[in-house]
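> next comes the sequence, and after it the predicted model I'd like to discuss.
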Amino acid sequence: MLKAWSKGEGASADEVFPLLYDDLRRRAHSFLRRERQGHTLQTTALINETYIKLREQRNIEWESRAHFFAICATLMRRILVDYAKTRQRAKRGGGVVHTPIEEIMLAAPTEGGVDLIALDDALNRLAVLDPQQAQIVELRYFSGFSIEDTADVLGISPSTVKREWRAAKAWLRHQLTKGDGK
């Protein structure tokens, strides 16, 4: 159905999305559980925003179910970063929105977690240096893909994903902690 949707034949977003909704909801909920306490964006709102963004996409040729979830991970990342920027602007520079990220050890645990905007900026810099590593972080962290799922989506071996994942985490840890005297 995804392939038919991308070719404009038969299935539409309105028909495909409900079939994948439960899986997408689990992934979004898993990610939002790692958000800071008191985060006001709910799972349903994140999925609805993702759906709206998906409907706006043109000329996507869905390769597989995993490819669909990879695109959703990218969209969720953008939505969450935009949300964080909006909250920061609303407070006129007060309180930075933080995302606890200790589970993947990108940075040393801190009281408030890691600044999602700083993480996004660092991830964008990583994408310039090593696009594959940036994709691995996006799939593993923002979509909760396993090593095997990530390897399948990117068409690389699981051992390559593990190696690149370790390297990306080390690089991001350095980027996220270099400004605080460490």
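Yep, that arrived.
> drop to CA atoms for contacts and neighbour counts, all remaining ones
Fine.
> from residue 43, how far out is residue 49?
Look at residue 49 and residue 43: by CA to CA, to the nearest Å, they are 10 Å apart.
> and these two? Which one has more around it.
residue 43 (19 against 15; other CA atoms under 10 Å).
> the closest residue in space to the more buried one that isn't next to it in sequence in helix, strand or coil?
Take residue 43 and drop its neighbours on the chain: the residue closest to it by CA to CA, 6 or more residues apart in numbering is residue 29, 5.5 Å away. Classification of residue 29 by DSSP: H, G, I helix; E, B strand; the rest coil places it in helix.
> wait, residue 29 touches residue 41, no?
No - counting by CA atoms under 8 Å, residue 29 stays clear of residue 41, with 10.7 Å between them.
> and the helices in this protein?
Per DSSP state H, the chain carries helices over the ranges 2-6, 13-33, 43-56, 65-90, 116-129, 131-137, 147-154, 158-177.
> most packed of these?
Most buried of the helices of the chain, by mean neighbour count (mean count of other CA atoms under 10 Å): helix 131-137, with a mean of 21.
> so what does that one touch, helix or strand wise?
The elements that helix 131-137 packs onto, with contact taken as 3 or more CA pairs under 8 Å, 6 or more residues apart in numbering; DSSP states H and E, are helix 116-129, helix 158-177.
> tell me the mean pLDDT for it?
For helix 131-137, mean pLDDT is 93.
> what's that helix in contact with?
Defining contact as CA atoms under 8 Å, 6 or more residues apart in numbering, one finds that helix 131-137 is touched by 123-124, 126-127, 150, 161, 164-165, 167-169.
> need the nearest residue in space to the residue most central in space within the chain, chain neighbours excluded.
With distances taken as CA atoms, centre = their mean, residue 142 lies nearest the centre of the chain, 2.7 Å away. Leaving aside its sequence neighbours, residue 142 sits nearest to residue 73 (CA to CA, 6+ apart; 5.5 Å).
> distance of that neighbour from residue 118?
18 Å.
> list the contacts of stretch 143-157.
Stretch 143-157 is contacted from outside by 27-28, 30-31, 66-67, 69-70, 72-73, 136, 139-140, 158, 160-162, using CA under 8 Å, 6+ apart.
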